[in-house]
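In: Prediction below, plus the sequence it came from.
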Amino acid sequence: MMAVNTATTGNSATADPDPPDHATDETPRAPSARGVSSSPRCGYATSVHFLNDQQPQHDLTYNDVFMVPRRSGVSSRLEVDLSSTDGLATPLPLVVANMTAVSGRRMAETVARRGGLAIIPQDIPTEKVAETIARVKQAHLAFDTPVMVSADTTIGVAISLMAKRSHGMAVVVDGDRHGSPRPLGVIAPADCQEVDRFAQAHSVMNTDLVTVDPSASPKEIFDELSATHQEVALAVQDTALLGVMTRRGALRSALYSPAVDADDRLRIGTAVGINGDVAGRAERLLDAGSDVLVVDTAHGHQEKMLEALRSVRRVVDAHERRVPIVAGNVVTADGVHDLVDAGAEILKVGVGPGAMCTTRMQTGVGRPQFSAVLECAEAARADSASVWADGGVRHPRDVALALAAGAGSVMVGSWFAGTYESPGDLMSDAGGRQYKESFGMASARAVRNRTKNQSAFDRARAALFEEGISSSQMYLDPQRPGVEDLIDFIVSGVRSSCTYAGAADLETFAECATIGIQSASGYEEGRPIHTSW
Ligand SMILES: NC(=O)C1=CN([C@@H]2O[C@H](COP(=O)(O)OP(=O)(O)OC[C@H]3O[C@@H](n4cnc5c(N)ncnc54)[C@H](OP(=O)(O)O)[C@@H]3O)[C@@H](O)[C@H]2O)C=CC1
Ligand SMILES: Nc1nc2c(ncn2[C@@H]2O[C@H](COP(=O)(O)O)[C@@H](O)[C@H]2O)c(=O)[nH]1
């Protein structure tokens, strides 16, 4: 039941917000073997059908291709089931890349609540990853974790913390925020305008609170907020603050399902590299509750990877929790087969398409991503495995095209770096535009971090082999500053793509999508024009 409370005030200690990030028992379901021969649904001869039976003469990027609509019996975009086909069966086929500037606790929690999965990077110390897993597993499935401050927290501190979550406000609480914090009031940025940065939270907080029972439905909460013209509801159980929900959050709760483990807790994945104590880290990550293990290196098709992968396979097979193993990166069918033989169930596909990536310019190595995904997805299907299309996603269309090429899920990195939920601090440029700093995992900056326990000589030598950008500004889209805003954007595009293809789920989509090859002017024609010409 729901209660609307006005008032409650008080004072006391305990602050602390959302500190900076970093810091199942599930038997993987074998992906359904989707025959590459004749599809019963569309009657096409291959898993991907090219328009007019064109056979590409060269490898293709996402920009090189388009989809044509076909007769459809799917009458609403809301009818489309977007569950991933990679064997994990997450409700959304989106995975947050294991990049330090992208994937941390807030990102993992927020994305899992909407049905996707985040992978915590290999460069984060194992004990910090374990803390992150524990916090994500404690998070509520529907209500967002509040930013909490105490009554005597300064306005300056409160403002810096509000930007950590896209609900954009802080709850002033009395009591231990890890215990039973009692809400006293809320503060939004507007309450802090023209207020001294050293003033205290209690002096500006709004005590006109909407509190709801955690069992209230999203629709009830939405209606209550609309009726009271308030922006955020506080879920309170036995006087303790449990979480918050905005009107937009209530709408989303009705549209998305969370990605949960066997115990109904949010899911989270973690990564290991191929150097050092690979098996030891994998075991500790499993003990900590990781739902997926990603074995990750730039050149996934190398002996050292096969060795690392076999050792992770042994750890998983011997552990009481049998989680799926993902490995990469590869871009060829041979790479897929070798990694599957060594124990991978999902292959991470993509060499060089990433926004932070300098590999192709440095080495000439890589492969246009649409073709890489297409070939690897087909090879993986033959092995009863699946792929994640990793890198190069800049628009919703890219996600749709990766899924059409047969990807089970799509990994997004840099695009999500420019959101409230990524781990970095929110900065503003000279023109007042908000951004976060991002960097590649093979950049000198990341290599310095990864090799910090090595000798100065070894570190300097390793830094010579950088293959990524050390500093980039990822601007927050003013229309979509939170990762959920980007997920809404992507999901609306992909749902629509599916109905154009006549597909009510992603397996059918990969079978029925009809792909055309276009020129640069074909791509250009599809871009919206925001000013006259
Ligand atoms: N998808 C992509 O296109 C790329 C992704 N990345 C990402 O960057 C992160 C760091 O990966 P990584 O650089 O592999 O670091 P790792 O710390 O995982 O180490 C890579 C290991 O592989 C050896 N190695 C052999 N050949 C290569 C090669 N061509 N490139 C890189 N290492 C090689 C290295 O030895 P030695 O140093 O002695 O050569 C080292 O022992 C990962 O998250 C990875 O996914 C990086 C580059 C490309
Ligand atoms: N060559 C490099 N690739 C990198 C680096 N850091 C990350 N990556 C890869 O990019 C994807 C994410 O792609 P994005 O376009 O969504 O940003 C990530 O998963 C890695 O495979 C790097 O430093 N160099």
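Out: That came in fine, so what should we check first? Numbering: from 1, shown residues only. Ligands and ions are numbered 1, 2, ... in the order given.
In: So stretch 398-417, near ligand 1 or not?
Out: No. Using C-beta under 6 Å from any ligand atom, we find that stretch 398-417 stays clear of ligand 1, coming within 9.5 Å at best. Where C-beta positions appear, they are placed from N, C-alpha and C, glycine not excepted.
In: Let me know whether my guess that Gly352 is in a helix holds.
Out: No. Using DSSP: H, G, I helix; E, B strand; the rest coil, the assignment for Gly352 is coil, not a helix.
In: Can you give me the distance of it to Ser471?
Out: Distance of Gly352 to Ser471, given as C-beta to C-beta, to the nearest Å: 20 Å.
In: okay, the two: which has more neighbours?
Out: With neighbours defined as other C-beta atoms under 10 Å, Gly352 and Ser471 compare such that Gly352 has more, 24 against 13.
In: So the host helix or strand of Ser492, near ligand 2 or not?
Out: Element membership of Ser492 [criterion: DSSP states H and E] is helix 483-501. No. Helix 483-501 lies out of reach of ligand 2 by C-beta under 6 Å from any ligand atom, never closer than 11.7 Å.
In: Give me the packing partners of that helix, helices and strands only.
Out: Judged by 3 or more C-beta pairs under 8 Å, 6 or more residues apart in numbering; DSSP states H and E, helix 483-501 is in contact with strand 65-68, helix 105-113, helix 247-255, helix 396-404, helix 414-417, helix 506-512.
In: Identify each buried residue in stretch 114-127, please.
Out: Arg114, Gly115, Gly116, Leu117, Ala118, Ile119, Ile120, Pro121, Gln122, Asp123, Ile124, Thr126 (16 or more other C-beta atoms under 10 Å).
In: For the residue nearest in space to the middle of the chain, which non-adjacent residue is closest in space?
Out: Per C-alpha atoms, centre = their mean, the C-alpha nearest to the average position across the chain is that of Val96, at 2.9 Å. Spatial nearest neighbour of Val96, chain neighbours left out: Ala118 (3.7 Å); criterion: C-beta to C-beta, 6 or more residues apart in numbering.
In: Quick check: phi and psi at that neighbour.
Out: Per-residue torsions, Ala118: phi -110, psi 150 (degrees, to the nearest 10).
In: who touches it in this structure?
Out: Val95, Val96, Ser103, Met107, Ala108, Val111, Ala112, Ile268, Gly269 (C-beta atoms under 8 Å, 6 or more residues apart in numbering).
In: Let's see that with 10 Å instead.
Out: Neighbour list for Ala118: 94-98, 102-112, 132, 136, 259, 266-270, 416, 421, 483 [criterion: C-beta atoms under 10 Å, 6 or more residues apart in numbering].
In: Pull up the per-residue confidence for the residue nearest to Val295 when sequence neighbours are not counted.
Out: Of all residues not flanking Val295 in the chain, Ala327 sits nearest, at 4.4 Å (C-beta to C-beta, 6+ apart). In this model, Ala327 is scored at 98, pLDDT.
In: residues in contact with the residue in the stretch 201-350 of the chain that ligand 1 sits nearest to?
Out: Nearest residue of the stretch 201-350 of the chain to ligand 1 (C-beta to the nearest ligand atom) works out as Ala298 at 3.2 Å. Applying C-beta under 10 Å, 6+ apart to Ala298 gives the contacts 274, 305, 328-329, 351-352, 357, 359, 363, 365, 441-442, 465, 467-468.
In: Mean pLDDT, mean neighbour count and distance to ligand 2 added to the helices and strands packed on helix 483-501, as CSV?
Out: Formatted as CSV, these follow (pLDDT from 0 to 100; neighbours: other C-beta atoms under 10 Å; distance: least, C-beta to the nearest ligand atom, whole Å):
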stretch, mean pLDDT, mean neighbour count, distance to ligand 2
strand 65-68, 97, 19, 17
helix 105-113, 97, 27, 13
helix 247-255, 95, 18, 23
helix 396-404, 98, 26, 9
helix 414-417, 98, 28, 3
helix 506-512, 95, 23, 20
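In: Flag every residue of the stretch 351-500 of the chain that's near ligand 2.
Out: 352, 354-357, 359, 390-393, 411-415, 440-443, 467-468.
In: Which of the residues you listed fall within strands?
Out: Mapping these onto strands (DSSP state E) picks out Asp390, Met411, Val412.
In: give me the number of residues near the second one?
Out: So that's Met411. By the criterion of other C-beta under 10 Å, Met411 has 31 neighbours.
In: which residue sits closest to it, ignoring its sequence neighbours?
Out: That would be Asp390: by C-beta to C-beta, 6+ apart, it lies 4.1 Å from Met411.
In: Now that that neighbour has come up, it's in contact with Ala327, right?
Out: No. Here Asp390 does not reach Ala327: they are 11.4 Å apart, not a contact under C-beta atoms under 10 Å.
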